[in-house]
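Colleague: return atomic coordinates for the entry below.
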Amino acid sequence: MKRKIFLLLALLTTPCFLMAIEEDDNGFGITYGGFIKSDFFYDTRQTESIREGHFLLWPKKPAYDEGNKDIHDASSFNFLAIQTRLNFTVTAPDFFGFRTTGHVEGAFFGNIESDINGFRLRHAFVRFERNQSEALFGQFWNPLLLPFSFPHVVSFNTGCPFQPFSRNPQIRITQKAGDFRIIAAALSQRDFASVGPAGRSSSYLRNAAMPDLHLQLHYHFNKKESMPQFIFGGGIAYKEIVPELITTNNHITDATVAGLSYMGFAKATFQPLTIKIQYLMGQNLTDLLQIGGYGVSKIVDESKGFVEYAPIRTQTYWVDMHTNGQTLQLGLFLARSENMGATNKLIEGTAVTGFGTDIGSLYRIAPRLIINSGRARFAFECEYTGAAFGAVNLSENSKGIPLNTETVNNLRLLLGVYLFL
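Modeller: Below you'll find the model as predicted:
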């Protein structure tokens with residue numbers, strides 16, 4: 001108990017210590033940042049979510065009692081401050097001519113449900129920059145989430161499950177060529193992992209012995225002091241996972257699930273308004289909290305349990321727009337996600353593995369109002385999410401698309417109160 005109290009005091013007093021550390025003559029220095037945030041929210045329906053409803057995904061599938069009443073058609077509320085965040089950035093002496101910086105960020109979101117309020121690592125990376133080249137080593141956003149162009153919603157879900165959402169340990173190289181940016185990255189998995197026979201685990205990617213690979217090309221037309229500004233681009237990602245090392249019939253297997261994903265985005269900033277859009281066609285993106293997964297497309301040897309797999313494709317697209325006022329901002333987030341089925345026909349009688357595989361489509365409408373004054377912010381949001389649930393019947397639809405869907409909806413009323421450090 002004494003050790004826990006000591007660690008808590010050390011954590012809380014760290015920002016005060018960091019404020020006193022300024023850059024020295026050798027170029028070494030530390031700055032701190034973050035915010036205190038409390039969320040107050042009310043849902044009209046039970047939801048699929050993380051951390052006591054804080055990270056909302058979608059409304060729960062109908063489940064009926066003996067009187068044929070939907071038990072999930074019940075409202076709830078909660079107050080939480082677990083999104084509170086602390087970070088610090090280190091500037092260090094040059095490394096063979098490369099400008100060197102490091103960044104660490106954590107929050108009190110916890111790693112699992114029972115660890116809510118626990119301190120959790122978000123970002124931890126070192127960046128090396130020289131001329132038009134940059135190399136990043138460490139944990140940072142997945143390349144499919146663009147830090148300069150993502151939904152600025154009030155909800156902690158950042159637009160998920162429409163916006164791809166994950167932080168990954170990675171090696172990322174960025175090369176600038178005028179207004180163009182080429183980004184190449186190799187990723188592992190940590191807090192956000194693929195779904196397989198044993199649930200979520202990074203072992204499926206690790207056992208493939210090949211990282212998650214990304215390549216993107218961006219064009220930045222954002223001259224300083226000039227409006228409008230534009231950024232657009234696209235990319236491709238390739239990932240393999242090994243669902244199991246041994247079959248249920250006790251034979252070693254190395255069968256993989258391979259998936260290609262394609263992404264395109266655009267951001268336009270005008271004097272009064274900013275508009276952002278993104279489109280993604282992805283395969284087996286359960287590690288990015290997208291609906292989908294994979295299924296068995298071929299039985300190679302039934303006696304030994306050898307099979308081949310096919311990934312399920314998910315199509316998502318969203319648009320986010322907001323005014324650019326300093327004190328008052330109005331915003332609107334619109335999004336849709338669709339289960340497009342497996343790349344090949346799946347074998348009747350086999351199971352589909354994944355996340356939200358019984359969902360045919362999702363949509364979200366979320367208007368917001370943000371009020372800023374000094375370092376404080378009050379943010380209001382209405383988040384209306386619909387999910388079309390159905391049955392997966394491979395004899396009627398061999399691609400695994402849910403049939404006979406029923407749409408249920410949830411309205412979340414959310415107030416976020418911030419104090420930026």
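Colleague: what bridges to Gln329?
Modeller: Ile370 (DSSP bridges).
Colleague: neighbours around it, how many?
Modeller: For Gln329, the neighbour count with other CB atoms under 10 Å is 18. To be clear about C-beta, it is placed using only N, CA and C from the backbone, and glycine gets the same treatment.
Colleague: Pro143 versus that one, what's the distance?
Modeller: According to CB to CB, to the nearest Å, Gln329 and Pro143 sit 27 Å apart.
Colleague: do Glu105 as well
Modeller: 18 Å.
Colleague: which one of those two is surrounded by more residues?
Modeller: Pro143 (23 against 20).
Colleague: was I right about the more buried one contacting Leu217?
Modeller: No: using CB atoms under 8 Å, Pro143 is not in contact with Leu217; the gap is 11.7 Å.
Colleague: now do the shared contacts for those two.
Modeller: The contact sets of Pro143 and Leu217 overlap at Ile183, Gly235 (CB atoms under 8 Å, 6 or more residues apart in numbering).
Colleague: backbone dihedrals for Arg206, please?
Modeller: phi -60, psi -40 (degrees, to the nearest 10).
Colleague: what about stretch 70-81, how long is it end to end?
Modeller: Counting by CA to CA, to the nearest Å, you get 31 Å between the two ends of stretch 70-81.
Colleague: with stretch 91-105 instead?
Modeller: 15 Å.
Colleague: which stretches in the protein count as helices?
Modeller: 2-19, 203-206 (DSSP state H).
Colleague: for the shortest one, buried residues please.
Modeller: Put plainly, it is helix 203-206. Ser203, Tyr204, Leu205 (16 or more other CB atoms under 10 Å).
Colleague: and the contacts of it?
Modeller: Contacts of helix 203-206 (CB under 8 Å, 6+ apart): 188-189, 193-194, 196, 211-212, 239-243, 287.
Colleague: just the buried ones from those residues?
Modeller: Among those, those classed as buried by 16+ other CB under 10 Å are Gln189, Ala193, Ser194, Gly196, Pro211, Asp212, Lys239, Glu240, Ile241, Val242, Pro243, Asp287.
Colleague: just the pLDDT for the first one.
Modeller: Read that as Gln189. Predicted confidence (pLDDT) for Gln189: 97.
Colleague: identify the residues contacting it.
Modeller: Ser166, Asn168, Pro169, Ser202, Leu205, Arg206, Asp212, Asp287.
Colleague: spit out the contact partners of the last one.
Modeller: It stands for Asp287. Taking CB under 8 Å, 6+ apart as the test, what Asp287 contacts is Ser166, Gln189, Phe192, Ala193, Ser194, Val195, Leu205, Asp212.
Colleague: follow-up on the earlier one: lowest average confidence across the helices of the chain, which one?
Modeller: helix 2-19 (a mean of 42).
Colleague: Arg120: what's its closest spatial neighbour, skipping adjacent residues?
Modeller: Phe109 (5.0 Å; CB to CB, 6 or more residues apart in numbering).
Colleague: Asp39 is in contact with that neighbour, correct?
Modeller: No: taking contacts as CB under 8 Å, Phe109 lies outside contact range of Asp39: 11.5 Å.
Colleague: and stretch 139-153, what's buried?
Modeller: 139-146, 149-153.
Colleague: dump the residue contacts of the residue lying closest to Tyr418 once chain neighbours are set aside.
Modeller: Spatial nearest neighbour of Tyr418, chain neighbours left out: Arg377 (4.0 Å); criterion: CB to CB, 6+ apart. Neighbouring residues of Arg377 by CB under 8 Å, 6+ apart: Ile370, Ile371, Gly416, Val417, Tyr418, Leu419, Phe420.
Colleague: neighbours of the last one, just the number please.
Modeller: What that stands for is Phe420. Phe420, neighbours per other CB under 10 Å, totals 14.
Colleague: which residues does Thr89 contact?
Modeller: By CB under 8 Å, 6+ apart, the neighbours of Thr89 are Ile30, Thr31, Tyr32, Gly33, Thr101, Gly102, His103.
Colleague: which ones among those map onto strands?
Modeller: Ile30, Thr31, Tyr32, Gly33, Thr101, Gly102, His103 (DSSP state E).
Colleague: pull out the buried members of those.
Modeller: Of the ones in strands among the contacts of Thr89, these count as buried by 16+ other CB under 10 Å: Ile30, Tyr32, Thr101, Gly102, His103.
Colleague: on that earlier part again, quick check: the residue nearest to Tyr418 vs Ile82, distance?
Modeller: Taking CB to CB, one finds Arg377 at 17 Å from Ile82.
Colleague: and Ala258, by the same measure?
Modeller: Ala258 is 37 Å from Ile82, by CB to CB.
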